[in-house]
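S.K.: show me the folded form of this:
(one chain, ligands or ions: 1)
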Amino acid sequence: MSLIDDALSANATIATDNDPDRERPPAPKIAIVTCADPRLSGILGVLGLNEADVDMIRNVGTVIDEDSIRSLVISTRVLGTTEIMIINHDGCGMTVFTDDELQDRLRHETGAWPIAPARFYSFTDTEQNTREQMQKARSHPWISADVPVRGFVYDLASRRLTEVFPVDATVAAP
Ligand SMILES: [Zn+2]
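M.R.: I've put the predicted structure just below:
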């Protein structure tokens, strides 16, 4: 039996009451973008935040890509969240290979050269990567300048956050 089958039978046993309150539209106050890594699944517990207040946006590697931008625009413009927190973490799986290495491996294993995904967003410097994700969110024209975008690195062992501050953008000479 697979874990999916286990989950299905557990669901039938566990979910036995019916509460229409659960259908009320959400009204989160903050959007958090973080990694899909299971070690971050309990992070709200160490942030002292209520689940209902948080629009949790997760993907592998804490990437601000087209899809997380889509979620952030909906979160801030439709759901009404007023702050964005980007939480990267140490020991992320996206630091153990490069995009080129993984692409080469997959092409070799499958013999296929698909055009997507164009990038896996692997990285080496967690703090610098966090800064880049912050800049991508901050500079998106549909994310209001009134909404603070702050970035952090979460230390898995201590469960402490360290804030990452943006570096002043340097203007390239024409
Ligand atoms: Zn990760």
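S.K.: ok but residue 84 is inside a strand, no?
M.R.: Yes - judged by DSSP: H, G, I helix; E, B strand; the rest coil, residue 84 forms part of a strand.
S.K.: could you number the chain from 569 rather than 1 from now on?
M.R.: Sure thing, new numbering starts at 569, so read that last one as residue 652.
S.K.: what's the pLDDT at it?
M.R.: At residue 652 the predicted local distance difference test score is 98.
S.K.: so it sits against residue 639, correct?
M.R.: No - shown here, residue 652 and residue 639 do not form a contact pair, counting by CB atoms under 8 Å, at 10.5 Å. Any C-beta I mention is one placed from the backbone N, CA and C, and that applies to glycine too.
S.K.: pull up the overlap in contacts between the two.
M.R.: Here residue 652 and residue 639 have 599, 601 as joint contacts, going by CB atoms under 8 Å, 6 or more residues apart in numbering.
S.K.: between the two, tell me which one has more neighbours.
M.R.: When neighbours are counted by other CB atoms under 10 Å, residue 652 and residue 639 differ, and residue 652 comes out ahead with 24 against 17.
S.K.: quick one, helices of the chain?
M.R.: Assigned by DSSP state H, the chain shows helices spanning 571-582, 611-615, 634-642, 667-678, 694-706.
S.K.: those: which one's closest to residue 601?
M.R.: Using CB to CB as the measure, helix 634-642 is the one of the helices of the chain that comes nearest residue 601, at 5.6 Å.
S.K.: what does this protein put close to the ion?
M.R.: By CB under 5 Å from the ion, the residues of the chain that approach the ion are 603, 605, 660.
S.K.: could you redo the last one with a cut-off of 6 Å?
M.R.: Counting by CB under 6 Å from the ion, the chain comes close to the ion at 603, 605, 629, 657, 660, 661, 662.
S.K.: pull the number of nearby residues for the third one.
M.R.: I take that to be residue 629. Under the neighbour criterion other CB under 10 Å, residue 629 is assigned a count of 21.
S.K.: and it, what does it touch?
M.R.: Applying CB under 8 Å, 6+ apart, one finds that residue 629 lies in contact with 603, 660, 661, 662, 688, 689, 690, 691.
S.K.: take those residues and keep only those in strands.
M.R.: When the contacts of residue 629 are checked against strands (DSSP state E), the matches are residue 603.
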